[in-house]
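Q: sequence first, then the predicted structure, then my questions.
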Amino acid sequence: MTDSKASDSKITAKPAPRRQPVPRGLAHDGPVILAYGFRPFFLAAGIWAMLAMALWIGALAGDWPIGGTYGGPAWHAHEMLFGYSTAAMAGFLLTAIPNWTGRLPVSGAPLGLLFLVWLAGRLALLAPDLIRLPLAIALDIAFLPFLLAICAREVIAGRKWRDLKVLAVVAALALANMGFHAIVIFGADPGLASRLAVSAYVMLIGIIGGRVVPSFTRNWLAKRHVQSLPAPYDRFDTIALLGGLAALVLWVIWPAHAVTGLACALAGLLHAYRLIRWRGWQTGAERLVLVLHLAYLFVPLGFFAIALVPPGLLDPASALHVFTVGAIGLMTLAIMSRATRGHTGLPLTAPAMTAASYALLFLAALLRPLATLLPDHYLALLSASGACWMAAFALYLVEYAPPILTRRKPRAE
């Protein structure tokens, strides 16, 4: 009798419910711009990338008074690292974390509030003396802890413990931002804080790039029945990340020490071989995938550039810009364009305008280090690099602002 009941219970038991796909946006009755995190932040990142660079070039060429008592050079460095880059990062994290956790994305009023905090920081630091410098700094500092709290809530609620390392990167950026402001207030060189911020972004590219670059490459190659696929994540990837972390820590503390140069040379070799394992040369027919490999290429190139600083073969500013314009700039543009296409229902392929934006930013990354290597042509090369940077993001805005503002993915985001 007991066996019969057990058998009946097996027959009548309902199957476990299938996990539903993550809803793509919740605020369907409000502005499209607040339907998903990538919309306001990618749009703002593109706009601020252009405006901040234009203001910096104007300050160099025409003595435009930007940043007030904060100082033009400090303002430029800050707005590239903690203005543009944090907007691009926020757009990515607020879009990717729901896919990692299976939870609903942040949208509507909470998303709007987070964006306003970011915007307040940009406006306050543009003319900080209008509201007094301490208040302007306080407004800017608020954004990264706010973003960290939102991301931490989602990761912890979704029990995705392996993604806590991404939160550590955001926390490091928040500390770097505070340190940057403190150093500037005391009239010192904020280079240490800048290196810490750049290192955090490079580690984020290493962690996230290690997921998306081989994954997107594998998917694209598999659809074309290519047999040689990217190597899956294994112990070597962990070694490359740890080697890169050690080299970056040394760079932050002792940027011109010989030991730092050796560590960065080794990290460059590790990340170069990691990139080779992803077989990017097979993706030339699809620029939306190829650009991910080109962007990651600037990670080992950045390490090699730093390794040339201790022997005096390259200056620190040129080495740093290999990371900032190349790795950070090109990777964020690549992710922004791909995510915008995917989450607005556009085909996952790079049209001519998108490809042109990639080429322009790649050229900007090559020209920027030359500016300090060729001091007689410093302003011309700097202006050319800045013009390529601005043109790249102008093309992004022309192509992707309309779908960001108006286009929803069919049925639900």
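A: Thanks, I have the structure now.
Q: which parts of the chain are strands?
A: In the chain, no strands are found when defined by DSSP state E.
Q: show me where it dips below the pLDDT cut-off.
A: Within the chain, the ranges that satisfy pLDDT under 70 run 1-30, 409-413.
Q: now do the buried residues in the helix of greatest length in it.
A: Longest helix in the chain, counting residues (DSSP state H): helix 191-223. Residues of helix 191-223 classed as buried by neighbour count (16 or more other C-beta atoms under 10 Å): 191-210, 212-214, 216-218, 220-221. For glycine as for every other residue, the C-beta is placed from the backbone atoms N, C-alpha and C.
Q: and that helix, what does it pack onto?
A: Where contact means 3 or more C-beta pairs under 8 Å, 6 or more residues apart in numbering; DSSP states H and E, helix 191-223 is packed against helix 85-101, helix 164-185, helix 235-253, helix 287-307, helix 316-321, helix 331-343.
Q: now distance to Ala387 and mean neighbour count too, for these, in JSON lines please.
A: Formatted as JSON lines, these follow (distance: least, C-beta to C-beta, whole Å; neighbours: other C-beta atoms under 10 Å):
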{"stretch": "helix 85-101", "distance to Ala387": "20", "mean neighbour count": "23"}
{"stretch": "helix 164-185", "distance to Ala387": "27", "mean neighbour count": "19"}
{"stretch": "helix 235-253", "distance to Ala387": "29", "mean neighbour count": "18"}
{"stretch": "helix 287-307", "distance to Ala387": "20", "mean neighbour count": "24"}
{"stretch": "helix 316-321", "distance to Ala387": "15", "mean neighbour count": "20"}
{"stretch": "helix 331-343", "distance to Ala387": "16", "mean neighbour count": "24"}
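Q: out of the ones you listed, which comes closest to Met390?
A: Met390 lies closest to helix 331-343 among the helices and strands packed on helix 191-223, at 12.3 Å (C-beta to C-beta).
Q: give me the neighbour count for Pro369.
A: Neighbourhood size, Pro369 [other C-beta atoms under 10 Å]: 23.
Q: now do the contacts for it.
A: If you count contacts by C-beta atoms under 8 Å, 6 or more residues apart in numbering, Pro369 has them with Ala305, Leu314, Ser318, Ala319, His321, Val322.
Q: and those residues, which two are furthest apart?
A: Farthest pair in the contacts of Pro369 (C-beta to C-beta) is Leu314 and His321. Separation: 10.6 Å.
Q: just the closest of the contacts of Pro369 to Leu367, please.
A: For the contacts of Pro369, the minimum distance to Leu367 (C-beta to C-beta) is 9.7 Å, reached by His321.
Q: related to what we said a few turns ago, may I see the helices and strands packed on helix 191-223 arranged in a markdown table, with distance to Leu381 as well?
A: Formatted as a markdown table, the helices and strands packed on helix 191-223 follow (distance: least, C-beta to C-beta, whole Å):
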| stretch | distance to Leu381 |
| --- | --- |
| helix 85-101 | 22 |
| helix 164-185 | 26 |
| helix 235-253 | 24 |
| helix 287-307 | 16 |
| helix 316-321 | 11 |
| helix 331-343 | 21 |
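Q: so for Ala350, which of the ones you listed sits nearest?
A: Distance to Ala350, taken as C-beta to C-beta, is lowest for helix 287-307 among the helices and strands packed on helix 191-223, at 4.0 Å.
Q: tell me what that closest one is packed against?
A: Here helix 287-307 touches helix 191-223, helix 235-253, helix 258-276, helix 316-321, helix 331-343, helix 352-373, going by 3+ C-beta pairs under 8 Å, 6+ apart.
Q: for the closest residue to Tyr233 other than its chain neighbours, give its distance to Val259.
A: Nearest residue to Tyr233 in three dimensions, chain neighbours excluded: Gly210, at 6.4 Å (C-beta to C-beta, 6 or more residues apart in numbering). Using C-beta to C-beta, to the nearest Å, we find Gly210 at a distance of 26 Å from Val259.
Q: ok, now Arg235?
A: As judged by C-beta to C-beta, Arg235 and Val259 stand 25 Å apart.
Q: got TSV for the helices and strands packed on helix 287-307, with distance to Phe146 too?
A: As requested, the helices and strands packed on helix 287-307 are exported to TSV (distance: least, C-beta to C-beta, whole Å):
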stretch	distance to Phe146
helix 191-223	17
helix 235-253	25
helix 258-276	32
helix 316-321	27
helix 331-343	20
helix 352-373	29
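Q: for Ile183, find the nearest of these.
A: Closest approach to Ile183 among the helices and strands packed on helix 287-307 is made by helix 191-223 (5.7 Å; C-beta to C-beta).
Q: report the angle between the closest one and helix 331-343.
A: Orientation check (axes from the mean of the first three to the mean of the last three C-alpha atoms, to 10 degrees): helix 191-223 against helix 331-343 gives 40 degrees.
Q: now helix 191-223: how far from the chain's centre is it?
A: Per C-alpha atoms, centre = their mean, to the nearest Å, the displacement of helix 191-223 from the mean C-alpha position of its chain is 8 Å.
Q: and the gap between Leu93 and His271?
A: 22 Å.
Q: do the same with Ser385
A: Per C-beta to C-beta, Ser385 is found 24 Å from His271.
Q: brilliant, that's me finished.
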